[in-house]
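*Asks:* model the structure of this input:
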Amino acid sequence: MKLVILDRDGVINEDSANFIKNPSEWIPIPGSLEAIALLNQSGYRVAIATNQSGVSRGLFDMATLNSIHDKMHRELAAVGGRIDAVFYCPHSADDNCDCRKPKTGMVKEIAKRFSVELERVYAVGDALRDLQAFSNSGCQTILVRTGKGERTLAAGGLPENIIVCADLSEAVQTIISVN
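*Replies:* Next comes the predicted model:
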């Protein structure tokens with residue numbers, strides 16, 4: 001099975017320093033939904049790995065997070081795409097959980113759920129913590145310049161063997177071209 005793991009905010013949808021707190025604030029990055037649909041059409045399953053500490057901070061509840069994801073699923077379906085699973089960490093950094101990126105718990109749970117070896121999985125993120133979690137799990141890691149991507153690239157300290165792409169559309173073209 002071919003699987004791609006995506007971070008959500010800054011990769012699929014516009015990011016916000018104030019968090020995405022309701023469905024109206026969830027705005028897809030141009031071309032990202034079509035890129036996911038192309039992955040699906042090319043035989044890939046797609047999972048999301050996203051930190052959502054806004055839940056533990058009391059900025060939104062689980063029902064609201066689910067409604068945000070419902071909007072994402074509906075808009076993807078409208079362009080012929082789908083997300084096979086959404087994994088999220090609702091904890092704050094102070095909770096010291098194993099699932100919050102840059103730790104690898106969420107990524108390893110995805111591998112377990114899909115029965116895949118992570119060395120064969122591409123993972124796309126825009127923040128250093130995404131890249132660290134993906135790389136430390138053994139994924140083939142891609143940094144996109146959308147969201148926090150430009151700042152992440154400028155700050156340096158990236159894991160080795162990172163592929164850098166302008167956005168999710170370019171990342172998907174890269175993934176498809178090598179497989």
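*Asks:* quick one: residues contacting residue 87.
*Replies:* 47-50, 99, 106, 109-110 (Cβ atoms under 8 Å, 6 or more residues apart in numbering). Quick note: C-beta positions are derived from backbone N, CA and C, even for glycine.
*Asks:* ok so it is a strand residue?
*Replies:* Yes: residue state for residue 87 (DSSP: H, G, I helix; E, B strand; the rest coil) corresponds to a strand.
*Asks:* quickly note the distance from it to residue 169.
*Replies:* To residue 169, residue 87 is 23 Å away according to Cβ to Cβ, to the nearest Å.
*Asks:* and the longest helix seen in the chain with strand 85-89, angle?
*Replies:* Assignment by DSSP state H gives helix 62-78 as the longest helix of the chain. Interaxial angle of helix 62-78 relative to strand 85-89 (axes from the mean of the first three to the mean of the last three Cα atoms, to 10 degrees): 150 degrees.
*Asks:* now do helix 62-78: which elements does it pack against?
*Replies:* For helix 62-78, the elements it packs on are helix 32-41, judged by 3 or more Cβ pairs under 8 Å, 6 or more residues apart in numbering; DSSP states H and E.
*Asks:* what about the helix it packs on, average pLDDT?
*Replies:* For helix 32-41, mean pLDDT rounds to 98.
*Asks:* which outside residues touch whichever helix or strand comes after that helix?
*Replies:* Going down the chain from helix 32-41, the next helix or strand is strand 44-51, by DSSP states H and E. Outside strand 44-51, the residues within contact range by Cβ under 8 Å, 6+ apart are 1-9, 12, 36, 39-40, 81-89, 100-101, 106-107, 110, 113-114, 123, 129-130, 133, 175.
*Asks:* one more: stretch 98-108?
*Replies:* 5, 7, 49, 51, 53, 87-89, 91, 93, 97, 109, 118, 123, 127-130, 132-134, 136-137, 139.
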